[in-house]
Each structure stands twice: as C-alpha cells, then as structure tokens.
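In: Provided below for reference: sequence and predicted model.
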Amino acid sequence: MGGGGAKALPPGVHVTVYIGKRVLISAGMLILISMLIFLLLRLAPGNPIDAYINPSIAISQKQLATLRSQLGLDGPLTTQYLAWLGNVLRGNFGYSAVDFRPVSLLIAERAGPTLLLMGSGILLAVLVGTASGVIAAVWRNTVLDYSLAVLAFLGIATPAFLAALIGMYVFAVRLHWFPAGGYRTPGQPLTAGNVAEHLILPAVILSLYYTATIMRYTRAALLEVLNLDYVRTARAKGLPEWLVILRHGLRNALVPVVTLIGASVGSAVGGAIFIESVFGWPGMGLLFIDAVDARNYPVIMGISLVIGVGVLCANLLTDVTYVLLDPRIQYG
C-alpha cells in the first residue's frame with residue numbers, strides 16, 4: 001500500500017503563494033512607511049498649521065484653536081495618524097495649504113510627466129546598459145571594454161544635478177540641439193513630438209547613472225556565467241556564439257541585474273527631483289520642492305506616500321521577475 005504523504009503542490013500554486021506572501025509583506029511595509037512619514041513631519045521644526053495662516057493678518061487664540069480643530073490637529077498623534085490614514089485609504093489625501101485644492105488631484109496632474117520621465121530614463125538605461133555590458137563582456141580587456149569602463153565610471157561619479165547643468169549648458173544653450181526646459185513649447189499645441197523634443201535631454205541625463213551601473217553589473221554577471229559548465233557544453237554542441245551568449249548566458253546573468261533595476265526605481269525618484277527642478281519639468285518632483293518651500297504638509301505627505309507605494313510595487317515586480325528568469329529560485 002502506498003504511503004500517506006501529502007501530494008506536492010503544482011508549480012502554479014507555489015507561485016501564487018509566493019506572490020501572496022510578497023503582497024502581504026509589502027502591505028505591512030506600506031503601513032510602516034505611512035507611520036514614518038507622519039511622525040517625521042510631525043516632529044519636524046515648526047507647526048503644520050503655520051502654512052494655513054497669513055503672517056500679515058493677526059489671528060486670535062480662539063481662531064487659532066478653531067482652525068486647529070477643523071484641521072484635526074487638536075487631538076493626540078495617534079488619533080491624528082489614524083484619521084489621516086483612514087482618509088488616505090478612501091483616496092482623500094487632504095487639501096493643499098497653498099491653494100486648497102485636493103492633494104490627490106495635484107498628484108494626478110503631476111504623476112503623468114514624472115512617470116514619463118522616469119519610465120523613459122529607466123528604459124533607456126536598461127536597453128543601453130544591458131547592451132553595453134554584453135559588448136564589454138564579449139570584447140573584454142580590449143580598447144572598447146576599457147573605453148566603456150571609463151564612461152561608466154564618469155556616469156557613476158557625476159551627480160545628477162551637475163550632469164543636468166552641464167547637459168543643459170552644452171546641448172541646449174551652446175549647441176541648441178534641445179529646448180532648455182519645460183514640458184512643451186509655449187504657444188504651440190501639445191503634441192507627442194513637442195513633448196518628446198523636451199523629454200530627450202532630461203531623460204538621457206537621468207539615465208546616465210543607471211546606464212553605467214547596469215552596464216558594470218551586466219558585464220560582471222555575464223563574465224561569470226560564460227565560464228560555467230553548461231555554457232561550455234552549449235559551445236561544444238556547435239551552437240553559434242551569439243546564441244550561446246543571449247540564450248544561455250544573458251538570461252541567467254540578468255537575475256542580479258533585475259535586482260539592480262528594481263532598486264533603481266527608488267533612487268530614480270531622487271534623481272528625477274533634481275532633473276525636474278533644473279529643467280522645469282512639471283512633475284511630482286517639482287511639486288514636492290514647491291511644497292517643501294511652502295511647508296505644505298498635506299502635499300509633502302501625499303507625494304511621499306505615493307513614492308513609497310511606487311517603490312514597493314517595483315520591488316514586488318522584481319521579486320516576481322526573479323521566478324520568471326530563474327525557476328530554480330525557491331518560493332520562500
């Protein structure tokens with residue numbers, strides 16, 4: 001008679017459980033991020049109510065207390081946090097302290113340009129960085145490899161704001177190849193070509209650091225994989241070298257690169273803030289800087305939370321991509 005052992009779960013069930021665990025972990029981290037955002041802003045110097053008061057107009061203590069009560073700032077921090085979190089879960093991020101417009105509407109208006117800039121920059125970095133890494137690994141220890149290494153070190157060492165200023169001066173001011181800033185040409189209709197003309201320079205500058213980093217990671221990972229036994233076996237079977245590199249080498253070499261790409265989403269937000277401020281790109285980065293200058297707490301909290309959600313989603317997508325690229329990964 002057969003044993004009474006439990007049957008192994010199908011691979012699809014394993015993947016579903018794996019993704020479910022990652023979603024629960026991400027949800028818990030999102031709660032912690034929201035608590036951290038709320039506490040840091042409450043502990044910052046100053047008072048959230050200051051942004052709502054015109055310093056040139058005298059206000060009595062009774063009026064101040066009424067305003068504090070209307071804004072929900074008269075209760076303990078725990079009550080304030082739970083009230084804010086409850087509103088956020090219903091899609092209500094509060095109202096801007098500057099123009100009293102809904103924060104969710106302000107973020108929605110600026111999210112498109114930011115996603116366009118970040119998506120273009122990261123996509124360009126992935127394509128150019130991966131291709132350059134493969135080229136550097138295939139022609140290792142050649143003049144081409146050394147030249148790409150020098151360019152990579154320059155890209156890694158140059159801060160985003162400095163690269164933006166240099167790029168604007170060289171390609172916009174001196175050479176007049178691209179517009180000096182903005183999202184569209186004033187007085188002209190909003191077309192895809194007009195936006196693309198303004199997008200190219202900031203997207204390329206945003207991608208420089210990530211292109212260089214992805215290139216170095218791809219080169220190192222591919223060199224390690226090309227020395228493994230199964231790659232030598234593929235060569236011994238007479239497969240073309242390009243097929244060995246792309247099918248048997250690059251796919252496995254991309255696993256650590258995917259980790260880097262997922263982590264790049266979070267840091268790209270910081271780079272996008274500098275890029276948007278230099279080029280006047282009307283995205284969330286520029287809105288965030290304006291909110292910090294005005295001590296506009298609802299906008300700062302809303303943008304910070306949206307960025308946190310974006311980073312967590314990118315990490316979750318990275319975890320799922322691991323499984324697709326390397327089935328040997330355990331569904332822990």
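Out: Received it, and whenever you're ready, just let me know what you need. Numbering: from 1, shown residues only.
In: now the helices for the protein?
Out: Counting by DSSP state H, the segments of the chain that form helices are 11-43, 61-70, 77-89, 103-138, 143-157, 160-167, 192-226, 229-236, 241-243, 251-279, 284-293, 297-325.
In: now for those helices, which one comes closest to Arg184?
Out: Distances from Arg184 to each of these were compared by C-beta to C-beta, and the smallest falls on helix 192-226, at 5.1 Å. Bear in mind the C-beta positions are built from the backbone N, C-alpha and C, glycine included.
In: give me the helices and strands touching that closest one, please.
Out: If contacts are counted by 3 or more C-beta pairs under 8 Å, 6 or more residues apart in numbering; DSSP states H and E, helix 192-226 sits against helix 103-138, helix 143-157, helix 160-167, helix 251-279.
In: who's in contact with Trp139?
Out: Asp145 (C-beta atoms under 8 Å, 6 or more residues apart in numbering).
In: how far away is it from Val244?
Out: Note on Trp139: its distance to Val244, by C-beta to C-beta, to the nearest Å, is 15 Å.
In: could the helices of the chain go into CSV alongside distance to Arg184, mean neighbour count and mean pLDDT?
Out: Below are these laid out as CSV (distance: least, C-beta to C-beta, whole Å; neighbours: other C-beta atoms under 10 Å; pLDDT from 0 to 100):
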stretch, distance to Arg184, mean neighbour count, mean pLDDT
helix 11-43, 32, 13, 80
helix 61-70, 39, 12, 71
helix 77-89, 32, 13, 86
helix 103-138, 10, 20, 90
helix 143-157, 29, 14, 90
helix 160-167, 19, 17, 86
helix 192-226, 5, 21, 88
helix 229-236, 49, 13, 68
helix 241-243, 42, 11, 69
helix 251-279, 12, 20, 77
helix 284-293, 15, 20, 86
helix 297-325, 23, 19, 81
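In: need those in a markdown table with distance to Tyr183, can you?
Out: Supplementary listing: the helices of the chain in a markdown table, determined by distance: least, C-beta to C-beta, whole Å:
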| stretch | distance to Tyr183 |
| --- | --- |
| helix 11-43 | 28 |
| helix 61-70 | 36 |
| helix 77-89 | 28 |
| helix 103-138 | 6 |
| helix 143-157 | 25 |
| helix 160-167 | 16 |
| helix 192-226 | 6 |
| helix 229-236 | 47 |
| helix 241-243 | 41 |
| helix 251-279 | 9 |
| helix 284-293 | 10 |
| helix 297-325 | 18 |
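In: ok so, going back, need the helices and strands packed on helix 192-226 in JSON lines (columns: distance to Trp177).
Out: Below are the helices and strands packed on helix 192-226 laid out as JSON lines (distance: least, C-beta to C-beta, whole Å):
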{"stretch": "helix 103-138", "distance to Trp177": "17"}
{"stretch": "helix 143-157", "distance to Trp177": "20"}
{"stretch": "helix 160-167", "distance to Trp177": "10"}
{"stretch": "helix 251-279", "distance to Trp177": "14"}
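In: out of those helices, which is closest to Thr185?
Out: Across the helices and strands packed on helix 192-226, the minimum distance to Thr185, taken as C-beta to C-beta, is reached by helix 251-279, at 13.6 Å.
In: angle of the closest one against helix 192-226?
Out: Here helix 251-279 points in a direction 140 degrees away from that of helix 192-226 (axes from the mean of the first three to the mean of the last three C-alpha atoms, to 10 degrees).
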